[in-house]
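# Curious how this folds, go ahead:
(4 chains)
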Number of protein chains: 2
Amino acid sequence: MPADQLSHTFHALADPTRRAILASLTTGEKTVSQLAEPFEMTMPAITKHLKVLEKANLIERSREAQYRPCHLTPGPLKNIDEWMEQYRRFFEASFDRLDDYLKQLQTKDKNDENNQ
Amino acid sequence: MPADQLSHTFHALADPTRRAILASLTTGEKTVSQLAEPFEMTMPAITKHLKVLEKANLIERSREAQYRPCHLTPGPLKNIDEWMEQYRRFFEASFDRLDDYLKQLQTKDKNDENNQ
DNA sequence: ATTGTATTTAACTATTAAGTTAATTAACTG
DNA sequence: CAGTTAATTAACTTAATAGTTAAATACAAT
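Model (predicted):
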């Protein structure tokens, strides 16, 4: 795995267990056991996944008694989002999200007209 | 590498050479040799990177005489962009891009006032 | 002090990845 | 046809990944 930040982030995200862990952290801090609970996987495996996420700066961990609560640190996701910018014109029908939003509004207006 | 599409895409992007190849393809179709030119790497290595990108559906290849021109197929990037949506609220100061855009406009208006 | 719960570390295995060199296929050119 | 250019395949090496089990550490609770 190459050394640059973006590669680390993409690599960390290239695993469904790790993405599920991140998703689980969107609702707030969780302990390792809480994070491990949904998976049919041993604890050491989860510990390793958390290490990958931590080294990619996608999570941070604190200590509370015997627990190591984890929380999301989304900086690297922002970097990906910014990296993505150069490709948006290739997959977005309209130029940007404002454009999308305005089109959505127009459609909604038409529907409102038709439905009222 | 797990089997799901998103994992394949993230994996393919977790390499700076492959990301550079994609970036190079934003300016249009390129042959394998053209893509390989900037890198200090043998051709077979490039062939392998292209295979990874192709299996991730990030590029497609055609045939023209002895050349195999590649072009971008950004569908999987769109999937990542959509996946990202659930995290935007964590790294975007404002709720969405429309919000950003409106704030930008306001700032611009103020600047215009100040500068005229 | 002992026991229990949370988590990590160590040691190991199997698989995949990224690169190399050498050989091969495919098509053009003279 | 012979030679050249474009690209791929094969075989191999080295290193990294994802998981396991078993042992160790850290703190809590009785």
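# the strands in chain A, which residues?
A:59-61, A:70-72 (DSSP state E).
# which of those strands is buried the deepest?
strand A:70-72 (a mean of 20; mean count of other Cβ atoms under 10 Å in any protein chain shown). All C-beta spots, glycine's among them, are computed from the backbone N, C-alpha and C.
# show me what contacts A:Ile80?
Residues near A:Ile80 by Cβ atoms under 8 Å, 6 or more residues apart in numbering or on different chains: A:Leu6, A:Thr9, A:Phe10, A:Leu13, B:Ile80, B:Met84.
# that older thread, dump the strands of chain A into JSON lines; add distance to B:Leu72 as well.
Output for those, formatted as JSON lines (distance: least, Cβ to Cβ, whole Å):
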{"stretch": "strand A:59-61", "distance to B:Leu72": "32"}
{"stretch": "strand A:70-72", "distance to B:Leu72": "31"}
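# what's the closest of these to DNA strand C?
strand A:59-61 (6.3 Å; Cβ to the nearest atom of the strand).
# Mind giving me the packing neighbours of the closest one?
helix A:16-25, helix A:43-55, strand A:70-72 (3 or more Cβ pairs under 8 Å, 6 or more residues apart in numbering or on different chains; DSSP states H and E).
# Now for A:Phe39, how many residues are close by?
Neighbours of A:Phe39 under the rule other Cβ atoms under 10 Å in any protein chain shown: 15.
# so it touches A:Thr17, yeah?
Yes: at 6.1 Å, A:Phe39 counts as touching A:Thr17 under the criterion of Cβ atoms under 8 Å.
# Now do the shared contacts for those two.
Joint contacts of A:Phe39 and A:Thr17 (Cβ under 8 Å, 6+ apart) are A:Ile46.
# Tell me how far A:Gln66 lies from DNA strand C.
4 Å (Cβ to the nearest atom of the strand, to the nearest Å).
# no no, A:Leu25
Taking Cβ to the nearest atom of the strand, one finds A:Leu25 at 13 Å from DNA strand C.
# Who does the closest residue to that residue other than its chain neighbours form a beta bridge with?
Using Cβ to Cβ, 6 or more residues apart in numbering or on different chains and skipping residues adjacent in sequence, the residue nearest A:Leu25 is A:Leu72, 4.5 Å away. Counting by DSSP bridges, A:Leu72 forms beta bridges with A:Ile59.
# show me the contacts for A:Ser62.
A:Arg68, A:Pro69, A:His71.
# do the same with A:Pro16
Counted by Cβ under 8 Å, 6+ apart, A:Pro16 has contacts B:Pro2, B:Asp4, B:Leu6, B:Ser7.
# do that again at 6 Å, thanks
B:Pro2, B:Asp4, B:Ser7 (Cβ atoms under 6 Å, 6 or more residues apart in numbering or on different chains).
# Next, the buried residues of stretch A:75-82.
Residues of stretch A:75-82 classed as buried under the neighbour-count rule (16 or more other Cβ atoms under 10 Å in any protein chain shown) are A:Pro76, A:Leu77, A:Ile80, A:Asp81.
# And stretch A:80-95, by the same measure?
For stretch A:80-95, by 16+ other Cβ under 10 Å, it's A:Ile80, A:Asp81, A:Trp83, A:Met84, A:Tyr87, A:Arg88, A:Phe91.
# and what of stretch A:2-9?
So stretch A:2-9, judged by 16+ other Cβ under 10 Å, has buried residues A:Leu6, A:Ser7, A:His8, A:Thr9.
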